[in-house]
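> Give me a model of this one.
(one chain, ligands or ions: 1)
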Amino acid sequence: MNSLFANSELAGIAEKVEKGERLSREDGIRLMKSNDLLTIGYMADLVRKRKNGDYAYFIVNRHVNHTNICENLCKLCAFGKKPDDPDAYTMTIEEIEEKARECQGQRISEFHIVGGLNPNLRLEYFEEMLRRVKKILPNTVIKAFTAVEIDYFARTENLSVEDVLRRLQKAGLDSLPGGGAEIFSPRVRKHICEKKISGERWLEVHETAHRIGMRTNATMLYGHIETAEERIDHLIKLRELQDKTGGFLAFIGLAFHPKNTGLEELNLSRTTGYDDIKVLAVARLMLDNFDHIKAYWIMIGPKLAQVSLAFGVDDIDGTVVEEKITHSAGADTGQSMTKAELVNMIKAAGRIPAERDTLYTILEEGF
Ligand code: V47
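This next block holds a predicted model:
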């Protein structure tokens with residue numbers, strides 16, 4: 001590796017990265033505990049460039065959160081509400097259709113739908129929702145329902161995960177988003193999302209989706225009570241499933257926002273820029289079998305998302321339009337970005353802006 005790093009505590013890791021060797025759990029922990037952000041970034045950028053050249057991706061998408069009523073009410077989440085809460089809501093299919101219709105004038109690639117675990121909604125509601133959105137936006141990918149929701153549908157309908165996914169697929173579901181993974185460690189889950197499905201179950205749902213031909217995303221929620229070891233174990237579990245199925249498209253780091261959550265009493269501060277960048281760069285290095293690492297600008301802000309393009313990231317997500325989950329928890333970012341703003345950010349980072357679809361096919365480049 002570059003002689004600049006000969007005396008770095010990370011020299012051994014740098015040598016492996018240069019040779020394209022897989023990093024071990026111990027390497028990952030060393031990286032996650034290191035503050036040598038420039039060396040980590042240099043290595044992550046090398047891997048990023050090998051995989052994606054000079055392209056940096058974005059997508060024209062729209063998020064919709066159809067209900068905030070949730071049976072789990074995880075401590076980490078400020079979005080979920082009890083049914084009798086004055087702020088509880090459930091959208092009608094017609095209201096969701098209206099959101100889809102608003103996108104008809106644009107070339108929108110992805111419609112992203114996620115919500116709470118609402119006991120009043122049956123599988124037929126979701127099938128109808130998918131059919132109607134698909135009718136309005138026939139050329140748009142529908143990426144909807146986290147593994148947590150899919151498991152909930154299976155349990156409430158007494159069906160297998162595969163049967164639920166096949167029914168939803170038939171109605172128009174193309175892909176699953178990466179939410180709900182949080183941190184797989186049972187110790188952490190017990191504190192931050194006690195009622196949520198286990199990490200194993202989350203992985204099982206994604207494995208099933210991959211088996212029936214759906215591509216999905218993976219996330220990690222960091223910046224609460226997790227340790228460096230727990231972060232790396234989470235990434236390794238994702239890497240193992242990717243070795244098996246190859247079905248993950250991208251990894252997204254999700255920065256924890258504590259405001260209005262059940263974890264507020266811990267007086268956690270918001271994640272720091274240093275940690276946000278480190279998580280993305282270390283993910284780039286550990287997830288050697290993932291093609292894409294995405295910075296979600298909603299959570300870390302557009303400026304840091306742009307800087308992360310020099311630290312292993314090749315995708316800054318999209319236009320979004322409306323975002324409720326992070327904004328309920330105190331996010332101070334906007335909720336939407338224009339295509340021109342995304343292109344500008346990428347160009348100013350010296351990379352080629354590439355508008356992509358869900359499968360990372362380039363629809364337009366350069367600009
Ligand atoms: O599932 C919940 C997390 C996720 C908080 O797949 C919180 O392309 C921070 O998964 N602070 C939703 N995070 C977001 C998500 C996502 C976003 C963008 C793209 C994709 C994709 C997926 O946000 C939830 C949960 O893991 N979350 N509460 C909070 N207080």
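> Mind listing what's buried along stretch 75-83?
K75, L76, C77, A78, F79, G80, K81 (16 or more other C-beta atoms under 10 Å). Placement of C-beta: from N, CA and C, glycine included.
> So which of those reach the ligand?
For the ligand, the contacts drawn from these by C-beta under 6 Å from any ligand atom are L76, C77, A78.
> Please identify which of these is nearest to L287.
L76 (22.6 Å; C-beta to C-beta).
> where does the stretch 101-250 of the chain come near the ligand, residue by residue?
T146, P177, G178, G179, G180, E182, N217, T219, L221.
> List buried residues within these.
Buried, going by 16+ other C-beta under 10 Å: T146, P177, G178, G179, G180, E182, N217, T219, L221, out of these.
> does stretch 255-270 come close to the ligand?
Yes. Stretch 255-270 reaches the ligand (C-beta under 6 Å from any ligand atom) through F256, H257, T261.
> Please dump those into CSV; it should also carry pLDDT and neighbour count for every row.
Converted to CSV, the residues of stretch 255-270 next to the ligand look like this (pLDDT from 0 to 100; neighbours: other C-beta atoms under 10 Å):
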residue, pLDDT, neighbour count
F256, 98, 22
H257, 97, 27
T261, 97, 23
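> between those, which is nearest the ligand?
The shortest approach to the ligand among the residues of stretch 255-270 next to the ligand belongs to H257, at 3.7 Å (C-beta to the nearest ligand atom).
> all strands of this structure, in order?
Under the criterion DSSP state E, the chain contains strands at 55-59, 61-64, 110-113, 141-144, 175-176, 215-222, 248-255, 292-295, 315-318, 352-356, 362-365.
> How about the first one and the ligand, touching?
Just to be clear, that refers to strand 55-59. No. Judged by C-beta under 6 Å from any ligand atom, strand 55-59 stays clear of the ligand, getting no closer than 8.7 Å.
> Pull out the buried residues from that strand.
Y55, A56, Y57, F58, I59.
> how near is H234 to T361?
29 Å (C-beta to C-beta, to the nearest Å).
> who's more crowded, the two?
Neighbour count, other C-beta atoms under 10 Å: between H234 and T361, H234 has more, with 25 against 9.
> these two touch, right, the more buried one and A181?
Yes. Assessed by C-beta atoms under 8 Å, H234 is found in contact with A181 at 7.5 Å.
> Quick one: end-to-end distance for stretch 323-331.
10 Å (C-alpha to C-alpha, to the nearest Å).
> Can you tell me what sits against that stretch?
63, 65, 68, 77-79, 114, 257-261, 270, 298-299, 333, 335 (C-beta atoms under 8 Å, 6 or more residues apart in numbering).
> try 7 Å
Residues from elsewhere that reach stretch 323-331 (C-beta atoms under 7 Å, 6 or more residues apart in numbering): H63, N65, A78, F79, H257, P258, K259, N260, T261, I298, M299, Q335.
> likewise stretch 82-102?
62, 64, 66-69, 81, 111, 118, 128-129, 132-133, 136-137.
> And those, which of them are buried?
Applying 16+ other C-beta under 10 Å to the contacts of stretch 82-102 flags 62, 64, 66-69, 81, 111, 118, 129, 132-133, 136-137 as buried.
> for the residue of the stretch 101-250 of the chain found nearest the ligand, what are its contacts?
Nearest residue of the stretch 101-250 of the chain to the ligand (C-beta to the nearest ligand atom) works out as G179 at 2.6 Å. Shown in contact with G179 (C-beta under 7 Å, 6+ apart): V114, T146, T219.
> which residue sits closest to it, ignoring its sequence neighbours?
T146 (4.0 Å; C-beta to C-beta, 6 or more residues apart in numbering).
> now swap in A44 and tell me
G312 (3.0 Å).
> Now for the one you found, how many residues are close by?
When counting by other C-beta under 10 Å, one arrives at 29 neighbours for G312.
> and the gap between it and I29?
18 Å.
> likewise N344?
37 Å.
> Run through who's touching stretch 297-314.
41, 44-45, 47-48, 52, 55-57, 254-255, 273, 276-277, 280-281, 284, 292-295, 316-317, 320, 323, 326, 331, 333, 337, 345, 348-349, 351.
> That one - what's its average pLDDT?
Mean pLDDT, stretch 297-314: 97.
> how far does that stretch sit from the chain's center?
14 Å (C-alpha atoms, centre = their mean, to the nearest Å).
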